[in-house]
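K.L.:
sequence and predicted structure are below.
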Amino acid sequence: MSDETPFRYTAAMAQQIEVGWQDRWEEEGTFNAPNPAGPWAEPDKVAALGEKLVVLDMFPYPSGAGLHVGHPLGYIATDVYSRFHRMLGRNVLHCLGYDAFGLPAEQYAVQTGQHPRKTTEENMVVMRRQLRRLGLGFDNRRSYATIDEEYYRWTQWIFLQTYNSWYDPHAVRPDGSRGAARPIAELVEAFASGAREVAGGGRWVDLDRSAREAVLADFRLAYTSEAPVNWCPGLGTVLSNEEVTNEGRSERGNFPVFRRSLRQWMMRITAYADRLADDLDRVDWPERVKIMQRNWIGRSSGARVTFPVTTTAGEMAGIEVFTTRPDTVFGATFMVLAPEHPLVDELVPEGEWPTGTKDGWKGDDAAAAASPHAAVTAYRTAASRKSEVERQMEEKSKTGVFTGAFATNPLTGRPIPVFMADYVLMGYGTGAIMAVPGQDERDWAYATAYDLPIVRTVQPSEGHPEDRAFTGDGPAINSSNGEISLDGMGVTEAKARIIEHLGAAGTGHGTINYRLRDWLFSRQRYWGEPFPIVFDEDGTAYPLPDSALPVLLPDVPDYSPKTFDPEDSQSSPEPPLSRVPEWVEVELDLGDGRGVRTYRRETNTMPNWAGSCWYYLRYLDPENHDTFVDPENERYWMAKHAAPVAGTPDGASDPGGVDLYIGGVEHAVLHLLYARFWHKVLFDLGHVSSEEPFRKYFSQGMIQAYAYTDARGQYVEASQVEEHVGEHGQETTFTFRGERVQREYGKIGKSLKNSVSPDEMYDAFGADTFRVYEMSMGPLELGRPWETRAVVGSQRFLQRLWRNVVDEESGRLLVGEEAADPVTRTATHRTIAGVREDYELLRFNTAIAKLIELNNLVTKLEVAPREAVEAMVLMLAPLAPHIAEELWSRLGHLGGVSFVPFPVADPALLVDDEVICVIQIKGKVRDRVEVPADISENDLRELVLARDKVVAATGAGIRTVVVRAPGLVNVVPV
């Protein structure tokens, strides 16, 4: 800003305008959405407003590094959408809280000795400041964090609802479908009355409490179980799969990680597998996200088949496998068990190898190859050091060891060797597979490596290589015995026939299998929600009454879990909470008639997924201290629509839920799946009326930026890299502190040292320019490259608009009061129509392009007409709200722009007066002519036939003329 142009729209002026309007919005509660009930009830205002609209962003984690310019992409998009719909008269709920439990804060606490609450709350202060400065229209009354005691009280309450429930496959849901969560008390009553038998016999009344709880644990939706986990003794904690490298070591510290079974809390999400898969047809989500969820659930039809085997004790047992190709059982020439399979110990003989055992079957450890027991033990130890990711890598060579046992193929009667291999996982299927190398490429590779028989059961197509498995369709071969023949049948027919035969023979049955496993819900951490569960001296679990909630986290002397020798695979976790004996041991009267007794608290904590599974519901009613959400508020904000959901096949019925949910695709599986599971449990139990949490989900793209690596391959600070533009055709080079570096594109952030803070953008350009630039970079769903130097283009657009309204020297208003000329008026209304459609469809980049085009047209006029300028300001308001508020005020309007009706286009001005008619001769385009949009067919025929090119081409006569007014005429000469 200079003395000559004190009213120029600069970064300094932008900041002054923006902070002023942000203060006013906060003081007036501009974006506070009224509720129909509860502490913020304004039923008259709710009734006066139009339809409700819930627009949310994925729950952010308050990082110590603060925001970078990639983070606000989704926040700006939801803000634009929300502001647009407020201008359409809707009651918009848009707010943001914080997913504040989790590992990063705990790790920082371990390093610094500061309580994780302190550092997390400090991070939230920074993030709130950065988001406020962006001008986001949040209802800040509704903001909270998962670490707030009032919030995680209700997280614990929801856990107890799940714990005190079971899934009844016969329960009838409101829509007539079967299968729903029911209170566990109903199951207890059925056992007590004899209406339901206790598994294994016996009477419910004869069982003590421990025995009864053992029975109920097989039904509860939340239960404890011995589960295989990634145990890292060097860190003293269980790790998620994402925290384990492909080499089977911890991502942090590079310690060895072992697979072993430990007592863990589990959520029976598998009971909802069908509903989770089927109801994807009822939500408006990107198809690729639906595919990701379906693949994770992994529903497949096939058969369970039992292969008889004799144990070392001489008893008959069965190895059960699930296969999607039961038609190929005749070709099963060996079996493979996961190293963790419980039957392995019963199969491995203590003595020598069976006669005929090939040397290659004994494993790679020469010292252990002396006996089956030694070989299996050595292989199990090696497998325990590998992550599931590494074990499943397709390109890795298949390893395994013979168990020393043989099973019997139930269709051929032949003995087949039973191997153990790490590529089979206990968590998938039954932990055992039948190997049919003729029809499976992985089995073929294994059979080839271990010199095992190969029998084809499907005739390969002509030209198929003889040295490869055939996985396609074709007639069955080598598939008959004295009781059944599949030979000649296609795959579908053969599957149905063999399933029928296996069922009749008692050796198998048709079934549905799922890749989805029950949800591991325990963490050996401090910084998480405590479980509202206590145990008695017998280890029996007791849920705490609601009056005992919340169970608060105690202070601990050390936030680190106890660590062990990195190679001590048999050590067990000791969570930080176990070091507070006065908290762990507690005297309680649980109201069960047993009086005050001593109990032991659960010392694991919930995963950070717990708080992020239901946070959207608390936004609806965060001041309610009596329930997690008032039913009336939930019904209003999460209401089902009468119309079918857009974007779903066959107009599937609306399940209700958040109207628009925007977030990154990295959370498109687990977060969305877990939230859907919790929501469906709450629906079944009558706590919510909506069947899905998120009606519409939009997957935003990712902002990338240039990153630079030195000669060691290490990333250097991108902001300190110098660019050297090559001259005379030479390449452009880059240096960091004088040393040459290589440039690449990567995800913007701290790890690649290419982070750019929004604070830099506020200082250099202002928030509105930053908002417009992020929305103009490309389609919201696609990735886009960040280029700081390109931001100036968005700034110039806003400056040009400002100059059309405000004189830079005097500050006086420049707009004219005379009506706009026909060209400007038509352009304005066409822009209104286009921008409205773009906002509705989240096409913000094209909306900006239309606004720039209209502004450029107005700039060429001697005086900008008020009707065009006001329309532009209102159309710009969702994108750049601060400058829009300021210009609207300078145009003489009071009360702000947030609830001013969005402009409506005049339909009469959207009709084209002239269109281009394409002229074809014998089907090929030969000419074009501009004609009136309402021209008749006869007039168009006469006009076209008089054209010089048509006359020249039809000298010998015309066979026919096809007229499609006003856009096409095809002339066919004789």
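P.N.:
Perfect, I can see it now. Numbering: from 1, shown residues only.

K.L.:
what is the burial count for R468?
P.N.:
R468: 12 surrounding residues under other CB atoms under 10 Å. (C-beta placed from N, C-alpha, C; glycine too.)

K.L.:
that one and D440 touch, don't they?
P.N.:
No: if you go by CB atoms under 8 Å, R468 and D440 don't touch, sitting 10.9 Å apart.

K.L.:
find the nearest non-adjacent residue to N604, please.
P.N.:
Sequence neighbours aside, S522 is the residue nearest to N604 in space, at 4.2 Å (criterion: CB to CB, 6 or more residues apart in numbering).

K.L.:
that neighbour: neighbour count?
P.N.:
Neighbour tally, S522, other CB under 10 Å: 24.

K.L.:
pLDDT value on it, please?
P.N.:
Looking at S522, its pLDDT stands at 89.

K.L.:
just the one 10 residues further on next, same as before
P.N.:
At P532, the model reports a pLDDT of 98.

K.L.:
do R252 as well
P.N.:
Model confidence at R252, expressed as pLDDT, equals 78.

K.L.:
just G595 next, same as before
P.N.:
pLDDT at G595 comes out at 89.

K.L.:
how about it: what's its closest non-neighbour residue?
P.N.:
G595's closest residue in space is D589 (CB to CB, 6+ apart), at 5.9 Å.

K.L.:
okay, now E149: neighbour count?
P.N.:
E149: 11 neighbours (other CB under 10 Å).

K.L.:
equivalent analysis for M58, please.
P.N.:
A count of neighbours around M58, defined by other CB under 10 Å, yields 23.

K.L.:
what's the host helix or strand of V971 packed up against?
P.N.:
Per DSSP states H and E: V971 is located in strand 968-973. Judged by 3 or more CB pairs under 8 Å, 6 or more residues apart in numbering; DSSP states H and E, strand 968-973 is in contact with strand 914-921, helix 937-945, helix 948-953, strand 958-964.

K.L.:
which of those sits closest to G664?
P.N.:
Across the helices and strands packed on strand 968-973, the minimum distance to G664, taken as CB to CB, is reached by strand 914-921, at 42.8 Å.

K.L.:
what's that closest one packed up against?
P.N.:
Contacts defined by 3+ CB pairs under 8 Å, 6+ apart place strand 914-921 against strand 924-932, helix 937-945, helix 948-953, strand 968-973.

K.L.:
let's see the second one as CSV, backbone CA atoms only.
P.N.:
What it means is helix 937-945. Output of helix 937-945 as CSV, limited to C-alpha atoms (Å, rounded to 0.1, in the frame of the first residue of the first chain):
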residue,chain,number,x,y,z
GLU,A,937,-36.9,-27.1,-39.8
ASN,A,938,-38.1,-25.6,-43.1
ASP,A,939,-36.2,-22.4,-42.7
LEU,A,940,-33.0,-24.3,-41.7
ARG,A,941,-33.3,-26.6,-44.7
GLU,A,942,-33.6,-23.6,-47.1
LEU,A,943,-30.7,-21.8,-45.5
VAL,A,944,-28.4,-24.8,-45.6
LEU,A,945,-29.2,-25.8,-49.2
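
K.L.:
going forward, the N-terminal residue is numbered 104.
P.N.:
Done: numbering now begins at 104, and the last item shifts to helix 1040-1048.

K.L.:
how far does it sit from its chain's centre?
P.N.:
57 Å (CA atoms, centre = their mean, to the nearest Å).

K.L.:
sorry, back to before: which residues sit in contact with the residue nearest to G698?
P.N.:
698-700 (CB atoms under 8 Å, 6 or more residues apart in numbering).

K.L.:
where in the chain is pLDDT low?
P.N.:
For the chain, the stretches with pLDDT under 70 are 104-105, 343-345, 490-493, 495-499, 530, 745-755.

K.L.:
centroid residue for it?
P.N.:
Note on the chain: the residue nearest the mean C-alpha position is A771, at 1.4 Å, using CA atoms, centre = their mean.

K.L.:
what's the nearest residue to it if we skip its chain neighbours?
P.N.:
Using CB to CB, 6+ apart, the closest residue to A771 is V392 (4.5 Å).

K.L.:
go through the strand or helix carrying the one you found and flag the buried ones.
P.N.:
Using DSSP H and E, V392 falls within helix 390-400. Buried positions in helix 390-400, judged by neighbour count with 16 or more other CB atoms under 10 Å: 392-393, 395-396, 399-400.

K.L.:
ok, now stretch 1050-1061?
P.N.:
Neighbour-count burial for stretch 1050-1061 [16+ other CB under 10 Å]: 1050, 1053, 1056-1057.

K.L.:
for those residues, give me a markdown table that also has distance to E253.
P.N.:
Below are these laid out as a markdown table (distance: CB to CB, whole Å):
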| residue | distance to E253 |
| --- | --- |
| R1050 | 78 |
| V1053 | 79 |
| A1056 | 82 |
| T1057 | 84 |
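
K.L.:
ok, back up a step: the residue nearest to N707 reaches W368, doesn't it?
P.N.:
Yes: applying CB under 8 Å, one finds S625 in contact with W368, separated by 4.5 Å.

K.L.:
my read: E670 touches C335, true?
P.N.:
No: the criterion here is CB under 8 Å, and E670 misses it with C335 at 11.2 Å.

K.L.:
shared neighbours of the two, anything?
P.N.:
Counting by CB under 8 Å, 6+ apart, the residues touching both E670 and C335 are P359.

K.L.:
more neighbours, these two?
P.N.:
C335 (27 against 12).

K.L.:
give me phi/psi at the more buried one?
P.N.:
Backbone torsions of C335, given as degrees, to the nearest 10, read phi -120, psi 100.

K.L.:
can you pull the contacts of it?
P.N.:
By CB under 8 Å, 6+ apart, the contact set of C335 is 341-342, 353, 358-361.

K.L.:
if we use 10 Å, what do you get?
P.N.:
Contact analysis of C335 by CB atoms under 10 Å, 6 or more residues apart in numbering lists 341-342, 346-347, 352-356, 358-361, 664, 666-667, 669, 672, 676.
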